[in-house]
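Trainee: Everything below, folded, please.
(one chain, ligands or ions: 2)
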Amino acid sequence: MHELRSLLPYLKPYRRVFLVGLALVVISNFFATLGPRFLQHGIDALSDGGGFHEVRVAVALLLLVAIAGGVARYGMRELLNSGSRRVETDLRDQLYDHLQRMSAEFYDRYSTGDVMARTTNDLLAVRMVAGPALMYVVDTTIRALLIAPAMVAISAQLTLLALVPLIGLPIAMVSLGRVMHRRSQEIQAQFSELTSHAHENLSGVRVVRSYRQERAEIAHFRALNDTYLYRNLGLARVQGAFFPLLTLLGGLSGVVILYAGGKLVMAGSVSIGQFVAFGVYLAMLVWPMIALGWAFNLVQRGAASMGRINQLFREDPAITSPPSPTALPPATGARAVEFRDVWFSYPGARERGRVLQDISFRVERGSSLAIVGPTGSGKSTLVDLIVRTYDPDRGAVLIDGVDLRQLSLPDLRRAVGFVPQETFLFGETLRRNILLGAPDDGRLERVADISQLTEALPALPDGYDTMLGERGINLSGGQKQRAAIARALAQDPPVFVLDDALS
Ligand SMILES: Nc1ncnc2c1ncn2[C@@H]1O[C@H](COP(=O)(O)OP(=O)(O)O)[C@@H](O)[C@H]1O
Ligand SMILES: [Mg+2]
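Mentor: Ligands and ions are numbered 1, 2, ... in the order given. Prediction:
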């Protein structure tokens, strides 16, 4: 529960929206609970043999409070829903900001799927606390506070009797709600397994065919699909029992007051109008009591989700700019790179030992160095240290004599053009993929020429303005690499690093 406290700063900017919304909860309930009172007067006027005029007044008043209550209720939903949506949006922005600043070491520890789940499902669960849960808790409380005295005024004994089955409502809701939630989560998990399995196998359909795996594949899919069916049936069973149970509990209250209340009417201690009003009051409590149970579950889920989100917020980026960065000495064109007694092991895999051990070398400005070694020997690791994807455990990497850790991150990234081993292109035009923030001042043609991307142009329908597919899927492997090289060159970097990017 204490995790939810971190939601407060996000509510604060919208406190007026929330306060007015909650005030409208009170107002709408005030009008709603006036209704039965007028009903009671109307009916009693009839049974006392009073004039029809009084019935007309009661009808007019009923209409009036129904309209006023409805308007207030509309305003309450509107305000509280929009408030919670704004809180959700702010929280999502903050989280995305935070994720943008995290280093590679963070993404070694958290899988993309996990991070995505926290920014979607968990965020949604938190919104449900700021929206519906808050609204229903206040709504039920206010309604109960307004209705209870009116019910007790009619008959304290009857009130007690009617409340017993009513208390069962939130309890049933909490326990059945939990089972239903668990089962629907299992269904969702199964569905995503089913779809990702289908996705993988359909994209690898050529491999499946050439290795004659169709039958095995169909059988595997069928098994996953069957599990999906059983889980759905399991949920349908609980859901099937859910509404009848709630109706039964609500109905029991009705039975109790018909019997016990009927006796009181016969004895003359309760008027028919009061008896009817009592029934209406009771009916007015049924839904809020159910909603209370629902809200209880929402708050619990929301607190757990907030905890998972807070865990991300508590992570600090491992790689940051120093508080007072050193500027690189002025230079035109190239810069020198030096490794001084560098030792390194991956923070997430220390037990696998050192990847780099006592590395020292110097590349003078304007010269180049090629590093050759078997797969897994640490070539990519070494060049990753030049862009501070990680920091060395011991020793230092320097550019023009300045330790990288003393440079501001933007300065460092401006100084080094880096083509990673695995190219990543965005589903954007080729032009924007290459420039990526650099000005479009004719450099595009120049860098495309150097990286020999120009050769690929005739095959592209719109030249540089061809839209690439997701991750640049409509380019060949070699074309993607050349585009990535052109991208690094477009930044005019004094230091240029290529990681296995020349196939
Ligand atoms: N993110 C990582 N976390 C843990 N170990 C890693 C990571 N990346 C690479 N390694 C390990 O570090 C070693 C060097 O990898 P790498 O530098 O990619 O080799 P190369 O580029 O020379 O083929 C390998 O044993 C590899 O398994
Ligand atoms: Mg490599």
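Trainee: so what's the backbone phi/psi at the residue most central in space within the chain?
Mentor: What sits nearest the mean C-alpha location of the chain, by Cα atoms, centre = their mean, is Thr120, with 1.9 Å. When read as degrees, to the nearest 10, the backbone of Thr120 gives phi -110, psi -70.
Trainee: This structure - how does it break down into domains?
Mentor: 2-313, 337-498 (automatic domain parsing).
Trainee: If you count contacts, what does the biggest helix by length in the chain end up packed against?
Mentor: Ranked by residue count and defined by DSSP state H, the top helix of the chain is helix 52-101. Where contact means 3 or more Cβ pairs under 8 Å, 6 or more residues apart in numbering; DSSP states H and E, helix 52-101 is packed against helix 8-11, helix 15-47, helix 123-128, helix 134-154, helix 272-313. All C-beta atoms are positioned from the backbone trio N, CA, C, and that covers glycine.
Trainee: Now do the SS call for Ser324.
Mentor: coil (DSSP: H, G, I helix; E, B strand; the rest coil).
Trainee: Can you tell me the number of residues neighbouring it?
Mentor: Ser324 has 7 neighbours, counted by other Cβ atoms under 10 Å.
Trainee: same question, Phe296
Mentor: When neighbours are counted by other Cβ under 10 Å, Phe296 registers 19.
Trainee: show me the contacts for it.
Mentor: Applying Cβ atoms under 8 Å, 6 or more residues apart in numbering, we find Phe296 in contact with 170, 173-174.
Trainee: how about the residues of the stretch 401-503 of the chain that lie near ligand 2?
Mentor: Selection of the stretch 401-503 of the chain residues close to ligand 2 by Cβ under 5 Å from the ion yields Gln421.
Trainee: which stretches of the stretch 401-503 of the chain form helices?
Mentor: With DSSP state H, counting those that start in this stretch as the criterion, the stretch 401-503 of the chain has helices at 409-415, 430-435, 443-450, 477-490.
Trainee: Would you mind giving the ones you listed as JSON lines with mean pLDDT added?
Mentor: Below are the helices of the stretch 401-503 of the chain laid out as JSON lines (pLDDT from 0 to 100):
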{"stretch": "helix 409-415", "mean pLDDT": "92"}
{"stretch": "helix 430-435", "mean pLDDT": "91"}
{"stretch": "helix 443-450", "mean pLDDT": "90"}
{"stretch": "helix 477-490", "mean pLDDT": "90"}
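Trainee: Export those to TSV and append columns for distance to ligand 1 and mean neighbour count.
Mentor: Shown next, in TSV, are the helices of the stretch 401-503 of the chain (distance: least, Cβ to the nearest ligand atom, whole Å; neighbours: other Cβ atoms under 10 Å):
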stretch	distance to ligand 1	mean neighbour count
helix 409-415	20	17
helix 430-435	24	21
helix 443-450	24	16
helix 477-490	15	22
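Trainee: any idea how far ligand 2 is from Gly204?
Mentor: Distance from Gly204 to ligand 2, counting by Cβ to the ion, to the nearest Å: 24 Å.
Trainee: Same question for stretch 80-91: list its buried residues.
Mentor: Going by neighbour count (16 or more other Cβ atoms under 10 Å), the buried part of stretch 80-91 is 80-81, 83-84, 86-88, 91.
Trainee: same deal with stretch 340-350?
Mentor: Residues of stretch 340-350 classed as buried by neighbour count (16+ other Cβ under 10 Å): 342, 344-347.
Trainee: Now cross-check those residues against ligand 2 and list the overlap.
Mentor: Among these, no residue sits close to ligand 2 (Cβ under 5 Å from the ion).
Trainee: Nearest to ligand 1 among those?
Mentor: Among the buried residues of stretch 340-350, Tyr346 lies closest to ligand 1 (Cβ to the nearest ligand atom), at 3.5 Å.
Trainee: where's the residue in the chain positioned nearest to ligand 2, which helix or strand?
Mentor: Here the chain gets closest to ligand 2 at one residue, Ser380, 3.2 Å apart by Cβ to the ion. For Ser380, the element it lies in under DSSP states H and E is helix 379-386.
Trainee: How about that helix and ligand 1, any contact?
Mentor: Yes: for helix 379-386 and ligand 1, the contact criterion (Cβ under 6 Å from any ligand atom) is met by 379-381.
Trainee: ok now the next helix or strand after that helix, how far from the chain's centre?
Mentor: For helix 379-386, the following helix or strand on the C-terminal side (DSSP H and E) is strand 394-399. Strand 394-399 has its C-alpha centroid displaced from the chain centroid by 39 Å (Cα atoms, centre = their mean, to the nearest Å).
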